[in-house]
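K.L.:
Task: produce atomic coordinates for the following.
(chains A and B, ligands or ions: 2)
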Amino acid sequence: MTTLETRPSAAAPPAGTPYDQFRVVKAKNPGRWAATAVVAVLLAMVLNSLITNPRWEWGVVWAYLGEVSIVQGVWMTIKLTLITAVLGFALGTVLALMRLSQSPLLRAVSWGYTWVFRSVPLILQLLLWYNLAYLYQSLDVGIPFGPSFASFETLSLIDKFGAAILGLGLHQAAYSAEIVRAGILSVDQGQHEAAASLGIPRRRQSTKIVLPQAMRTIVPTAVNEIIGLFKGTSIVYVLALGELFYTVSVIYGRTQRVLPMLVVAAIWYVVLTTVVTVIQYYVERYYAKGAVRTLPPTPLQRLRGNLTAGLSRVRPVGDHR
Amino acid sequence: MTAVETRTGRVEVHGVHKSFGAHEVLNGVDLVVEPGSVTVVLGPSGSGKSTLLRSINHLEAVDRGFIALDGELVGYRRKGDTLHELKERDLLRQRTRFGFVFQSFNLFPHLTALENVVEAPVSAQGRNRREVEAEARELLARVGLADKADAHPRQLSGGQQQRVAIARALAMRPAVLLFDEPTSALDPELVGEVLAVIADLARTGTTMIVVTHEIGFARQAADQIVFMDEGRIVEQGTPTDVLDHPQHERTKAFLAKVL
Ligand SMILES: Nc1ncnc2c1ncn2[C@@H]1O[C@H](COP(=O)(O)OP(=O)(O)O)[C@@H](O)[C@H]1O
Ligand SMILES: [Mg+2]
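P.N.:
Residues are numbered from 1 along each chain as shown, chains lettered A, B, ... in the order given. Ligands and ions are numbered 1, 2, ... in the order given. Coordinates of the predicted model:
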């Protein structure tokens, strides 16, 4: 009690001091300035070498950047990535729900799937799928252990593209399953209880209550996976499928212009990744609904805000603020 | 607006036992709650109050004994001499007859206050969304939150969140409302606003079982007070009986601490 009574008079300013008229001196950060200078010099050196070293052959890079076969390669990369991501996350969600189910068999199968498909190298899985026709000449649709209604030649069903999709998708599903499972586990137990106590049907509990909240955890990791996939699809060059990297390697095999062609591919991969990163920002913002008190402004809103603030500052009228 | 019918909501608890591992949490509980009455459950922490409440709407399955609502077994269907566990769908339907209000609110954070209230009547009871929405707005107004319909839970104070949770429970038109320490997670100055809403419901003849440490509320609103200790009901009676003339040493000791 006594300390409380004596301290305010010592700490509080004498009444009525007009602090707002004092000059404010910013704290000095010599370390920050030094670091900034070092990084600026390094950046200048990198840029200088990029521009002045003729072996980068920027002319060639520019010529091939929009070349038809390259653009087709980019399109193939996009297709592979998107189909794989959709397939991977659809199957992954099923696997995650199986893993969290009450049935020991479903849990075991899901665990086993993840175990196998994470253990075997992707390149090996791709080649296995491509050679499936050797194991099974035809694939039948019918009653298990019973008659078959339709039969397909494996070779005609699983071409290069099919093998790539199967290999990438099934491999991705194993990783996606863990991502979705982690997301579901991150949702507070009280949410499941509240949903159950309200009698909300099971499926609706998952789709309306649990998964939307899990998405906050799932999205950043999922986007990471998709970005990984964009570049990871380059592994299907072993199947001689014409995606971006394979196309580039075919061109430099022919023209011997290795470095500029690698730069072409790099630029495209950066562009694709950038697009996904921008989309990620908006998706995360969407699922942040309710998780934060106020949503952060979108870059557009921020730009507009800055503009209006700037404009009002230059407004010539004798406005007091 | 009659969210609750007056003459239903009789809860019977008979010889209920429940263990977690070797730990006997409910040790033979018997309790009858008459339709339209308010029962306040008191007792020290860990005495099994939450477990009893959660057993009543079958969030926990009991090991022995049974619980019935208006004569209908909770969680089971009787056929002759055998009890069949209810299928998940039937269980969920039965749960809609109980409204449960949690200590930690458990509102759905990604939905607005209105969406929180509307969700279950539409998806669990298949009622018309537009009608439910109109009713939900009335309910929000009744708990003093007419202007907060479009706010997300994290934009609300604890007391406001708990009042939304009460509106959410009421929207199911439950026969019985179960409150598990509805004000224990609240700052002291917010406790009153929530208790006022609950006391208001009590006057309208809703059957309620309220676990709380708010003795003043118990005295004012309860028809019956139940004192639990170590998984048993050791004393029960009117507020005057239990609060002013406790018979049991445990009750006396507990009341000496909280009064
Ligand atoms: N799911 C559970 N698993 C194991 N023990 C539990 C579980 N739920 C409650 N308990 C134990 O049961 C006892 C009674 O808990 P509870 O009913 O929450 O008491 P109260 O609500 O009266 O404080 C406590 O000792 C608690 O630790
Ligand atoms: Mg409790």
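K.L.:
What is the burial count for the residue in the stretch 101-250 of chain A that ligand 1 sits nearest to?
P.N.:
Of all residues in the stretch 101-250 of chain A, residue A:189 sits closest to ligand 1, at 10.0 Å by Cβ to the nearest ligand atom. C-beta here means a position set from N, CA and C on the backbone, and glycine is covered the same way. Around residue A:189 there are 9 other residues, counting by other Cβ atoms under 10 Å in any protein chain shown.
K.L.:
quick one: contacts for it?
P.N.:
By Cβ atoms under 8 Å, 6 or more residues apart in numbering or on different chains, residue A:189 lies in contact with nothing.
K.L.:
quick one: it and residue A:195, what's the gap?
P.N.:
Taking Cβ to Cβ, to the nearest Å as the measure, residue A:189 falls 11 Å from residue A:195.
K.L.:
go on, residue B:150?
P.N.:
The gap separating residue B:150 from residue A:195 is 22 Å, by Cβ to Cβ.
K.L.:
Who has more neighbours out of the two?
P.N.:
More crowded of residue B:150 and residue A:195, by other Cβ under 10 Å: residue A:195, with 25 against 10.
K.L.:
and the spatially most central residue of chain A, helix, strand or coil?
P.N.:
Compute the mean C-alpha point of chain A, and by Cα atoms, centre = their mean the closest residue is residue A:223, 1.6 Å away. Secondary structure for residue A:223, judged by DSSP: H, G, I helix; E, B strand; the rest coil, is helix.
K.L.:
If we ignore the residues flanking it in sequence, what's nearest it?
P.N.:
Counting by Cβ to Cβ, 6 or more residues apart in numbering or on different chains, residue A:223 lies nearest to residue A:280, which is 4.3 Å off, once chain neighbours are set aside.
K.L.:
Secondary structure element holding the one you found?
P.N.:
Using DSSP states H and E, residue A:280 sits within helix A:258-287.
K.L.:
same for that helix, what does it pack against?
P.N.:
On a contact count with 3 or more Cβ pairs under 8 Å, 6 or more residues apart in numbering or on different chains; DSSP states H and E, helix A:258-287 meets helix A:58-65, helix A:68-99, helix A:211-232, helix A:244-255.
K.L.:
mind checking which of the ones you listed is nearest residue B:85?
P.N.:
With Cβ to Cβ as the criterion, residue B:85 lies closest to helix A:68-99 of these, at 22.4 Å.
K.L.:
What residues of the next helix-or-strand element following the closest one count as buried?
P.N.:
From helix A:68-99 onward toward the C-terminus, using DSSP H and E, the following helix or strand is helix A:104-119. By 16 or more other Cβ atoms under 10 Å in any protein chain shown, the buried positions in helix A:104-119 come out as A:106, A:110, A:113, A:114, A:117.
K.L.:
Show me what helix A:104-119 packs onto, helices and strands only.
P.N.:
The elements that helix A:104-119 packs onto, with contact taken as 3+ Cβ pairs under 8 Å, 6+ apart, are helix A:68-99, helix A:160-185.
K.L.:
Just name the most buried of the ones you listed.
P.N.:
Across the helices and strands packed on helix A:104-119, averaging neighbours per residue (mean count of other Cβ atoms under 10 Å in any protein chain shown) puts helix A:160-185 on top, at a mean of 21.
K.L.:
That one close to chain B?
P.N.:
No: contact between helix A:160-185 and chain B is absent, the nearest approach being 13.2 Å (criterion: Cβ under 8 Å from any Cβ of the partner chain).
K.L.:
Can you name the residue of the stretch 151-259 of chain B nearest chain A?
P.N.:
residue B:152 (4.0 Å; Cβ to the nearest Cβ).
K.L.:
In space, what's closest to that residue - neighbours in sequence excluded?
P.N.:
Of all residues not flanking residue B:152 in the chain, residue A:290 sits nearest, at 4.0 Å (Cβ to Cβ, 6+ apart).
K.L.:
got it, and residue A:58?
P.N.:
Sequence neighbours aside, residue A:260 is the residue nearest to residue A:58 in space, at 7.6 Å (criterion: Cβ to Cβ, 6+ apart).
K.L.:
That neighbour reaches residue A:61, doesn't it?
P.N.:
Yes: judged on Cβ atoms under 8 Å, residue A:260 makes contact with residue A:61 at a distance of 4.6 Å.
K.L.:
residues from the stretch 101-250 of chain A in reach of chain B?
P.N.:
The interface of the stretch 101-250 of chain A toward chain B, taken as Cβ under 8 Å from any Cβ, is made up of A:188, A:190-191, A:193-202, A:204, A:208-209, A:212-213.
K.L.:
Next one: whichever residue of the stretch 201-321 of chain A sits closest to chain B from residue B:120, what distance?
P.N.:
Nearest residue of the stretch 201-321 of chain A to chain B, counting by Cβ to the nearest Cβ: residue A:290, 4.0 Å away. Residue A:290 is 17 Å from residue B:120, where distance means Cβ to Cβ.
K.L.:
Looking at the two, which is more packed in?
P.N.:
Using other Cβ under 10 Å, the more surrounded residue of residue A:290 and residue B:120 is residue B:120, with 27 against 22.
K.L.:
what residue is smack in the middle of chain B?
P.N.:
Compute the mean C-alpha point of chain B, and by Cα atoms, centre = their mean the closest residue is residue B:178, 0.7 Å away.
K.L.:
Surely residue B:88 and residue A:200 touch.
P.N.:
No: using Cβ under 8 Å, residue B:88 makes no contact with residue A:200, being 11.5 Å away.
K.L.:
Which residue of the two possesses the greater neighbour count?
P.N.:
Comparing residue B:88 with residue A:200 by other Cβ under 10 Å, the one with more neighbours is residue A:200, at 24 against 11.
K.L.:
what distance separates whichever strand or helix holds the residue nearest to the centre of chain B from the centre of its chain?
P.N.:
If you go by DSSP H and E, residue B:178 is part of strand B:176-180. Mean-position distance between strand B:176-180 and its chain equals 1 Å (Cα atoms, centre = their mean, to the nearest Å).
K.L.:
what is the rounded mean pLDDT of that strand?
P.N.:
In this model, strand B:176-180 has a mean pLDDT of 96.
K.L.:
Outside of it itself, list whatever touches it.
P.N.:
Contacts with strand B:176-180, where a contact means Cβ under 8 Å, 6+ apart, come from B:4, B:9, B:11, B:33, B:49-50, B:53-54, B:56-57, B:69, B:97-103, B:169-170, B:198, B:201, B:206-212.
K.L.:
can that strand be found next to ligand 1?
P.N.:
No: using Cβ under 6 Å from any ligand atom, we find that strand B:176-180 stays clear of ligand 1, coming within 7.2 Å at best.
K.L.:
and the residue nearest to residue A:58, what does it touch?
P.N.:
By Cβ under 8 Å, 6+ apart, residue A:260 lies in contact with A:56, A:57, A:58, A:60, A:61, A:64.
K.L.:
gap between the residue nearest to the fourth one when sequence neighbours are not counted and residue A:271?
P.N.:
Sequence neighbours aside, residue A:260 is the residue nearest to residue A:60 in space, at 4.0 Å (criterion: Cβ to Cβ, 6+ apart). In this view, residue A:260 and residue A:271 are 17 Å apart by Cβ to Cβ.
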